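**Q** how would this look folded up:
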Amino acid sequence: MTGMLEHVAALALDEGDRLDHSSARLAGSGDDALLDAYSRAVTHVVEEVGDAVVRVDVRDAKGRRAGSGSGVVVASDGLILTNSHVVSGHHRVELALTDGRRLEARAIGDDPDTDLALVRTEEAVKLTHASLGDSKALKRGQLVVAIGNPLGFESSVTAGVVSAFGRSMRSATGRLIDDIIQTDAALNPGNSGGPLVSSAGKVIGINTAVIMGAQGICFAVASNTASYVLGELVRHGRVRRGFLGLSVDQVPIARRIQIAHGIGQATCVAVTSMAPAGAAREAGLKEGDRILSLDGARVTGADDLLRLLNADRIGRTVPVELLRGTEKLRLWVMPSERPPRAN
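**A** Numbering: from 1, shown residues only. Below is the predicted model of the structure:
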């Protein structure tokens, strides 16, 4: 009887070992399958978009290299999106393609306020191009791939996820860039201007910045912003923005004033100075006025006002609500186009 029990126990142990080994094989095959799916997604993106990514070499007036970055071809006739800080005020650049060709190009539009610039080749070519996707459809945790030329290493690929979206970041001009995408896909100097691509092969951002000293915190200008800027640069050679001819500071609104006028915001902007001739002065605004809203949208700080002064409001009469002393007023103002920046 004892021998039979020992035999049964041995059989049970053997069966348990077989189950453990089988489970291990299944787990291993599952990991392999997941890895294969991840790899297939990344390689698909590279195959779709990789040849549309170029290196942008900037030359100074004497032809010497003055910096480099990345860019992405967005039209087959040689239209390339990159960062404003890559072009850095230079009108002529050289493009290095993945097939070894080098093409002369020139900057046809530059918008430092969003850190975007548009470059066009000077030769009649037909290039592989990428398509801009809808950045509003992004989800946190979504797989993204960054392609560029970090530290001079051409056609480098890194992958990560969308860490957050809807971030804001200051441009070199001090203006706030809205709708910034945060990702942990590794970026380094030289990645600037390259595409951030979804697993569907659509460009959903233009890589723009990395926080030095931090790990896994990198930023890209959203493709919807890039699409708007692209259209403005193609049509006008610049991004048109509205101009009122005033300077403002953010100020708090006293609680009693909020209650008296039913104001649902704690801050607004106060007019600190005005141009001798400008839309604000013509509309009857005065220094000390506190602007609550423009065209029905709240103004809680200077960045709100700047964002609302877009091309759609140029030459259009819109309402501005304000406080003058303790009195709430509504005036009508017609923003003009902001004058070009002095070089």
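**Q** Please make it C-alpha for all contacts and neighbour counts, starting now.
**A** Noted.
**Q** what number of residues lie near V54?
**A** Residues near V54, counting by other CA atoms under 10 Å, number 29.
**Q** Work out the gap between whichever strand or helix holds it and the centre of the chain.
**A** For V54, the host element (DSSP states H and E) is strand 53-59. On the basis of CA atoms, centre = their mean, to the nearest Å, strand 53-59 sits 20 Å off its chain's mean C-alpha point.
**Q** helices and strands around it, which ones?
**A** Contact here means 3 or more CA pairs under 8 Å, 6 or more residues apart in numbering; DSSP states H and E; on that basis strand 53-59 packs against strand 65-75, helix 84-87, strand 92-96, strand 143-148.
**Q** Out of those, flag the one nearest L285.
**A** helix 84-87 (34.9 Å; CA to CA).
**Q** what is the mean pLDDT for that closest one?
**A** Average pLDDT, helix 84-87: 91.
**Q** who touches that helix?
**A** With CA atoms under 8 Å, 6 or more residues apart in numbering as the test, helix 84-87 has contacts from 56, 58, 67-70, 93, 107, 110-112, 114-117, 192-193.
**Q** Just the buried ones from the residues you listed?
**A** Among the contacts of helix 84-87, those buried by neighbour count (16 or more other CA atoms under 10 Å) are 56, 58, 67-70, 93, 107, 110-112, 114-117, 192-193.
**Q** which residues sit against the longest strand seen in the chain?
**A** What stands out as the longest strand in the chain, according to DSSP state E, is strand 156-170. With CA under 8 Å, 6+ apart as the test, strand 156-170 has contacts from 42, 46, 138-150, 176-187.
**Q** What's the PyMOL line that selects buried ones from those residues?
**A** With 16+ other CA under 10 Å as the criterion, this PyMOL line picks the buried residues out of the contacts of strand 156-170:
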select buried, resi 42+46+138+143+144+145+146+147+148+149+150+176+177+178+179+180+181+182+183+184+185+186+187
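**Q** Contact partners for I253?
**A** Taking CA under 8 Å, 6+ apart as the criterion, I253 is in contact with 265-268.
**Q** And the residue nearest the centre of this structure?
**A** With distances taken as CA atoms, centre = their mean, V221 lies nearest the centre of the chain, 0.8 Å away.
**Q** relative orientation of the helix or strand where that one lies and strand 143-148 in degrees?
**A** Using DSSP H and E, V221 sits in strand 218-222. Using axes from the mean of the first three to the mean of the last three CA atoms, to 10 degrees, the inter-axis angle of strand 218-222 relative to strand 143-148 is 90 degrees.
**Q** Not counting strand 218-222 itself, show me its contacts.
**A** With contact meaning CA under 8 Å, 6+ apart, strand 218-222 is reached by 114, 135, 177, 179-187, 196, 204-211.
**Q** try 7 Å this time
**A** For strand 218-222, contacts defined as CA atoms under 7 Å, 6 or more residues apart in numbering pick out 135, 179-184, 187, 204-211.
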